[in-house]
Structure formats: structure tokens, C-alpha cells
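Predicted model and sequence follow; I will ask about them next.
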Amino acid sequence: MAVNDTIFLSAHEAPGQHSVQRCDDCGQDLHERDASPACPQCGGLLAIIHRAPLDIMGAPLEPKAIHHTFAQHCCAMPMGHPSGVWRFESLVMPTAGEAITSHPEGNTPLMTRRVVSEWAGCDGLLLKHEGYNPTGSFKDRGMTVGTTQAVRTGATAVACASTGNTSASLASYAAQAGIPGLVFVPAGKVALGKMAQTLAYGAKTLLVKGDFDTCLRLVQEASRELGIYLLNSINPWRVEGQKTIVFETLQQLGWDAPDFIVLPAGNLGNTAAFGKALREAKALGLISRVPRLVSVQAAGAAPFAKGFRDHFAQRYTVQAETIATAIRIGDPASWDRAVRAIRETDGLVLSVTDDEIIDAKVRIDAAGVGCEPASAASVAGVRQLVRDGIIRSGDRVVAVLTGHVLKDPGMLVELHQERTDFAQANRPVEIDATVKAVADIIAASRGAEA
Ligand SMILES: Cc1ncc(COP(=O)(O)O)c(C=O)c1O
Ligand SMILES: N[C@@H](CCOP(=O)(O)O)C(=O)O
């Protein structure tokens, strides 16, 4: 288990640097510009440790002053820089005015939808929709920072393994940065929208004969041996960017923390990032209490939920299978960090079946919001917690919708056109080009409603 418990650098540490990259396992520090994908000494994951924000006299900033900095940041930049990631620069990647690769990203909405709340049984349900990011998923928040670091370190190519969203995001940000992108995806297992984006943005796409876990092992080895900069969530700068989902949500709530934050979980990069964000926010006094984190896995890809049930006595891997391709992951890379996040927040880990995921997705879609299948796991998880009496009436709950409805059009067509057990009323019908045919359809649907 990790030994790196430091939250912020002390004044005398790492002179001349804004932040260091510190090994979770052995505590070794690497320079903030080092491009190593992991600790060169022991192979452990690297974490970014920043300095706590200081005032011009070098004294720690009061929480109110930090809130103010975040509120001011986007207005203060020339032409305005409306990135919901770089607004939190001091806790993400202090750049001192250096160039960044940004679309921009973030500033995603926090929505309420009565029909979804009613279905989940939770009046206080808020949907943080990360599908509103430039490539349609939360990955952009990590990728803007990871790509900026790739440029700072002079990377000549960037790479990732992916179930589709990370590759779409990498392809887009690499194109913007002018660095060749290489993506490793499980052959035949990537949703159509994500594959289309990856190809459109021009990444070299390798269709690997194997699952996501195989792809991740391969890209790690290839990056090490071929000197390609790795942009999966084991890259510590990706984690820094993804923390801003939490910072931005807290800011939208006036820094009054909700009772629960519920998110879908696969490789566990986001669970790790959320835990780090909450730890830092609490240490700086930005929030007075910490919400309970809830990671929700698909039942067919739930090694972390299994670990939770035995109090994380051991690490599990599974052969993953689920309709939610984004979280079809059996050997999550950020396991130890996610364990820490769940423990520190008195959190929970659940699994939901594919049918529950589809059921939640159909409700979210029908509310006019929409999300990709994996994202709906969070709302299915809320419903389960309400039924189990863990979420109670009056609780404020944020469920993160991680990806856009158009990410998986194949699944939508299957649901609405091919399956007979879902969304019958919505099935498209072919008609003759006459007003009478239209009138007949209207009459038939009125009859079905009566
Ligand atoms: C849409 C979507 N939701 C959830 C996840 C799970 O996030 P994590 O792997 O950080 O646990 C992913 C990717 O992994 C994803 O693409
Ligand atoms: N769902 C992810 C898989 C994990 O990617 P990570 O780099 O965020 O851990 C994807 O879209 O590829």
C-alpha cells in the first residue's frame, strides 16, 4: 500500500519547482519536467505534489482568497480563457504563463431533471454532465494537462490504451499540440462514435487482438521501450486535470459539499482523482466536510466492488464483460489510489447489472439529457443506494455522467430499433409520403396512450 501521504510540499522542499512527481510506493521525487511514466526506482505510480497556494508575501492563502482566485481566474486572462481546468491552475499544473494545449474544456453543467430524480428516488439528485466536454467525455480534463506536459517535456509521440474515450481525447489534443498520437484499442470492442472520433482526429489506431487490460499492458511496455509519452490515467498529470470535475462541482455548489458524489468506475483513474481533489480541498479549508464517494462498476466488470466487499483485503482481477464498453475493464490500474479515496471519504463501491444500466440510460435519454451507457451506471447506483436506505431523503447527491449520448450510436439503434423489450413507443416507422399516413400514426399512438 502507498507510503506517499503528503498532501502539499513544505516550504523547503523542491526549491525552484512548482510541484514534484512523487512515487506512491517508495516516496522518490522526480523533477516536475521528468517524462518517466512511473518511478524509475521501483515502478510505482507517480503523484503530483503541489505547493499550497501562497499570497505575495509567501503566506498560505485563506480559503476565501483561494475561492476568489478560482472565481477570478478566467476573467483575468487575456481574451478570457474559459477553461474549467486551467481556472484551477494552482492545484493542477502551475505554468507561470507557459503555453498550454486547451480547447478549452470543462465548465460542464450541473443539471436537475425531475423524471430522473423520481426514477432514482432521490429529490436532491444533480447530474454533472461531463459529456459536454469538447470530445464528449471527462477525459478532456486530464488530456489538456497531460498533453501540456508532453509538450513541456519535448515528447515526440504520445500513446494510450483505450476503450474509446481516452483515444478520442488523446487524438484530438495530440492533433492540437502537433504531436503524433498512437492508440491501442481492443479490436472490435470500441463504440462507433469513439472510433470515428479517434480516426477523424488522426491518431494512428492499433486494433489489438485482446481486451483493454491487454492493451494497457502493451502500451506501457511499448512506451517504456520506445520512449513514447504515455497518456493513460496512470500519468499523474491526467489525474490533476480530472480533479477539476470535483473542484468545479464544489464551486458550482458554492463550496458547500454534497452528501454523496457517485461515479462510474473502470480503470479507477477518476476515483483516484476525486479522492485526491477532496483531500486537497479539505486540507486547504475549501470545504468543511467531505462527501462520500461512491464508485459504481458494471456487474460483469466489478473487481473493485468485489474488493470492497472483503474490505480490500486483496486485489482482484476479472475477465470483464458488460454492455458498457467504456468500463469493460478487469484489472484497474489505479487500484491502491482508489482504495485510499474510498476509505478516506467513508465511501462505497457498488455493482449494477447491464439491465439496470440500460434502464437508467433510457430514463436519462428520455429526459432529453442523454449519456453513454457507462455513464448511466452512476444513476443506477444512486437508485440502488436509495433502495438500500443509504441515501436518505434530503441528501444532496451528485451523479457524474461521464460521456455523451452520441458516443455509442450502435447501442441506441439496437435499443430503439431492434430490441423488442425497450422503448417500443419510440420505434421508427416507415410510411408512405402522405398526410393520411401521418394522421394514422398519430391516431395509433393516441390510441396506445389511452
Ligand atoms: C464514459 C466513461 N465512464 C467511466 C469511465 C471509468 O473511468 P475510470 O477508468 O477513470 O474509472 C470511463 C473510462 O474508463 C469512461 O470512458
Ligand atoms: N474508459 C477508458 C479506459 C481507461 O482509460 P484511462 O486512461 O482514463 O484509465 C477509455 O476511454 O479508454
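That came through fine. Numbering: from 1, shown residues only. Ligands and ions are numbered 1, 2, ... in the order given.

ok, now which ones touch residue 175?
181, 201, 202, 203 (C-beta atoms under 8 Å, 6 or more residues apart in numbering). For the C-beta atoms, the positions are set from N, CA and C on the backbone; glycine is no exception.

tell me which element it falls in.
Here residue 175 sits within helix 165-177, counting by DSSP states H and E.

For residue 406, give me the backbone phi and psi.
Here is the backbone geometry of residue 406 (degrees, to the nearest 10): phi -80, psi 0.

Setting aside sequence neighbours, what's the nearest residue to it?
By the measure of C-beta to C-beta, 6 or more residues apart in numbering, the closest residue to residue 406 outside its immediate chain neighbours is residue 193, 5.1 Å from it.

The one you found falls within a strand, correct?
No. Secondary structure of residue 193 (DSSP: H, G, I helix; E, B strand; the rest coil): helix, not part of a strand.

State the number of residues packed around it.
23 (other C-beta atoms under 10 Å).

In this structure it contacts residue 131, no?
No. Counting by C-beta atoms under 8 Å, residue 193 stays clear of residue 131, with 10.9 Å between them.

Give the intersection of the neighbour lists for the two.
Joint contacts of residue 193 and residue 131 (C-beta under 8 Å, 6+ apart) are 404, 407.

Tell me who's in contact with residue 399.
When contacts are counted by C-beta under 8 Å, 6+ apart, residue 399 is found next to 120, 125, 126, 127, 128, 262, 263, 378, 379, 381, 382.

try 6 Å
Shown in contact with residue 399 (C-beta atoms under 6 Å, 6 or more residues apart in numbering): 127, 262, 378, 379, 382.

so the fourth one sits in a strand?
Going back to what we said before, that points to residue 379. No. Residue 379 is assigned helix when assessed by three-state DSSP, not a strand.

ok, back up a step: by neighbours, which of the contacts of residue 399 wins?
residue 379 (34 neighbours).

near ligand 2, which residues of the chain?
Applying C-beta under 6 Å from any ligand atom, one finds that the chain approaches ligand 2 through 139, 160, 162-166, 232-233, 266-267, 269, 326.

And the helices in the stretch 351-450 of the chain, which stretches?
Here the stretch 351-450 of the chain has its helices, by DSSP state H, counting those that start in this stretch, at 354-366, 373-387, 409-413, 435-449.

re the thing from before, counting only strands, which of the contacts of residue 175 make the cut?
residue 181 (DSSP state E).

what about this protein, any weak spots by pLDDT?
Scanning the chain for pLDDT under 70 picks out the ranges 1-4, 72-81, 420-425.

rewinding a little: out of the residues of the chain next to ligand 2, who's the most crowded?
That'd be residue 139 among the residues of the chain next to ligand 2, by other C-beta under 10 Å, with 34 neighbours.

ok, it touching residue 169?
Yes. Between residue 139 and residue 169 there is a contact at 3.8 Å, judged by C-beta atoms under 6 Å.

next structured bit after the helix or strand containing residue 214?
Element membership for residue 214 (DSSP H and E) is helix 212-226. As assigned by DSSP H and E, the chain's next helix or strand after helix 212-226 is strand 229-230.

and that next one, how far from the chain's centre?
Relative to its chain's centre, strand 229-230 lies at 19 Å (C-alpha atoms, centre = their mean, to the nearest Å).

Which secondary structure elements does that strand sit against?
Packed against strand 229-230 by the contact rule (3 or more C-beta pairs under 6 Å, 6 or more residues apart in numbering; DSSP states H and E) you find no helix or strand.

let's see 7 Å
Using 3 or more C-beta pairs under 7 Å, 6 or more residues apart in numbering; DSSP states H and E, the elements in contact with strand 229-230 are helix 212-226.

which residues does the residue of the stretch 251-400 of the chain found nearest ligand 2 contact?
Of all residues in the stretch 251-400 of the chain, residue 267 sits closest to ligand 2, at 3.4 Å by C-beta to the nearest ligand atom. Counting by C-beta atoms under 7 Å, 6 or more residues apart in numbering, residue 267 makes contact with 233, 329, 332, 333, 334.

wait, is it part of a strand?
No. Counting by three-state DSSP, residue 267 falls outside a strand, being coil.

Let the chain start at 507 from now.
Let's use 507 as the start, then, which means that last one is residue 773.
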